[in-house]
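Participant: Kindly generate the corresponding structure for this input.
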Amino acid sequence: VQLQASGGGLVQAGGSLRLSCAASGRAFSTYGWFRQGPGAEREFVAAISWGGGSRNYADAVKGRFTISRDNAKSTVYLQMNSLKSEDTAVYYCAAKRGAIGARGYDYWGQGTLVTVSS
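Facilitator: Presented below is the predicted three-dimensional model:
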């Protein structure tokens, strides 16, 4: 099982980025995105259920970030708009068999760095 995150980079405040997470090895019911900023603990960002009908977001990103998935491609996306300097972090994708939520993820990908310059 592998989760490969990509799409990070340097962007100015107010800009946009789209992160991708390609999964291989098996299908998962729930995917999530997490992030870890400088000197901070890892925190939940967003999650999506198998069919995409259920999505959860952290309060800090609601209205700016959108999580989506393409099951045919086994890929999950995180569209990030109106980026702020406080969004600077290493972003990780994760997957689990259970219900949507912020906990209980079994598999993790490597991170992709997002840097937002002010």
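Participant: Next, the contact list for Ala72, please.
Facilitator: Ala72 makes no contacts at all, as judged by CB atoms under 8 Å, 6 or more residues apart in numbering. Using the backbone N, CA and C atoms, a C-beta is placed for each residue, glycine as well.
Participant: Let's verify it: helix, strand, or coil?
Facilitator: Reduced to three states with DSSP: H, G, I helix; E, B strand; the rest coil, the structure at Ala72 is coil.
Participant: pLDDT at Thr115, what is it?
Facilitator: For Thr115, the pLDDT comes out at 98.
Participant: now it: how far from Ser85?
Facilitator: Distance of Thr115 to Ser85, computed by CB to CB, to the nearest Å: 9 Å.
Participant: Looking at these two, which one has more neighbours?
Facilitator: Per other CB atoms under 10 Å, whichever of Thr115 and Ser85 has more neighbours is Thr115, with 15 against 11.
Participant: Look up the closest residue to the most centrally placed residue in the chain, ignoring the ones flanking it.
Facilitator: In the chain, the residue lying closest to the centroid (CA atoms, centre = their mean) is Trp33, at 2.7 Å. Spatial nearest neighbour of Trp33, chain neighbours left out: Val45 (4.3 Å); criterion: CB to CB, 6 or more residues apart in numbering.
Participant: who does whatever helix or strand the one you found lives in touch, helix- and strand-wise?
Facilitator: Using DSSP states H and E, Val45 maps to strand 43-48. Helices and strands touching strand 43-48, by 3 or more CB pairs under 8 Å, 6 or more residues apart in numbering; DSSP states H and E, are strand 30-36, strand 55-57, strand 65-70, strand 75-80.
Participant: wait, isn't the residue nearest to Trp33 in contact with Arg55?
Facilitator: No - here Val45 lies out of contact with Arg55, judged by CB atoms under 8 Å, at a distance of 11.3 Å.
Participant: and these two? which has more neighbours close in?
Facilitator: Shown here are Val45 and Arg55; by other CB under 10 Å, Val45 has more neighbours (25 against 14).
Participant: Any idea how many residues pack against the nearest residue to Leu17 once chain neighbours are set aside?
Facilitator: In this structure, Leu17 finds its nearest non-sequential neighbour in Met80, 5.0 Å apart by CB to CB, 6+ apart. The local packing of Met80 (other CB under 10 Å) involves 26 other residues.
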